[in-house]
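Visitor: Provided below for reference: sequence and predicted model.
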Amino acid sequence: QVQLVESGGGLVQAGGSLRLSCAASGRTFSSYAMGWFRQAPGKEREFVAAISGGGRSTFYADSVKGRFTISRDNTKNTVYLQMNSLKPEDTAIYSCAADRRYSSVVVTTANDYDYWGQGTQVTVSS
């Protein structure tokens, strides 16, 4: 069982930056592929970014490519999402997720993830 706790959300003006963190419990964090998803009011959850267990492979949604960076520190059991050049359309609840079956590849489908955090609110004002 893995518990995930996100932090770092908040209110920021358009063009600003935020860094989200997702702290995981457990001793096998490096064996989990990790991902970030977001859900805006009235919209379906969408994929944002993913990283493999060792951190060598990453993948991004087209909407955030070049602005967001996913990374992980397996010594701290933490995955990060650095968000730059934020836009009002980035406003959403951001959640991290862990996949216990695929450690060496990136996972982009929400249904493939086994564990989810509660989410953190990101609001970007225009």
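Guide: Looks like it arrived, so ask away. Quick caveat, the model's predicted, so the values are computed rather than measured.
Visitor: which stretches of the protein form strands?
Guide: For the chain, strands defined by DSSP state E occupy the ranges 4-7, 10-13, 18-24, 33-39, 46-51, 58-60, 68-73, 78-83, 92-99, 115-116, 120-125.
Visitor: Residue 109: which of those strands is closest?
Guide: Closest approach to residue 109 among those (CB to CB): strand 46-51, 7.5 Å. (C-beta placed from N, C-alpha, C; glycine too.)
Visitor: I'd like the strands of the chain as TSV, with distance to residue 109 appended.
Guide: Shown next, in TSV, are the strands of the chain (distance: least, CB to CB, whole Å):
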stretch	distance to residue 109
strand 4-7	17
strand 10-13	28
strand 18-24	18
strand 33-39	9
strand 46-51	8
strand 58-60	11
strand 68-73	16
strand 78-83	17
strand 92-99	9
strand 115-116	13
strand 120-125	22
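Visitor: I'd like those as TSV, with mean pLDDT appended.
Guide: Output for the strands of the chain, formatted as TSV (pLDDT from 0 to 100):
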stretch	mean pLDDT
strand 4-7	98
strand 10-13	98
strand 18-24	98
strand 33-39	98
strand 46-51	98
strand 58-60	98
strand 68-73	98
strand 78-83	98
strand 92-99	97
strand 115-116	96
strand 120-125	98
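Visitor: can I get these in CSV with mean neighbour count?
Guide: Output for the strands of the chain, formatted as CSV (neighbours: other CB atoms under 10 Å):
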stretch, mean neighbour count
strand 4-7, 18
strand 10-13, 13
strand 18-24, 20
strand 33-39, 24
strand 46-51, 22
strand 58-60, 17
strand 68-73, 18
strand 78-83, 23
strand 92-99, 23
strand 115-116, 17
strand 120-125, 17
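Visitor: nearest to residue 105, of the ones you listed?
Guide: Ranking the strands of the chain by distance to residue 105, with CB to CB as the measure, places strand 33-39 first at 6.5 Å.
Visitor: packing partners for the closest one?
Guide: strand 18-24, strand 46-51, strand 68-73, strand 78-83, strand 92-99 (3 or more CB pairs under 8 Å, 6 or more residues apart in numbering; DSSP states H and E).
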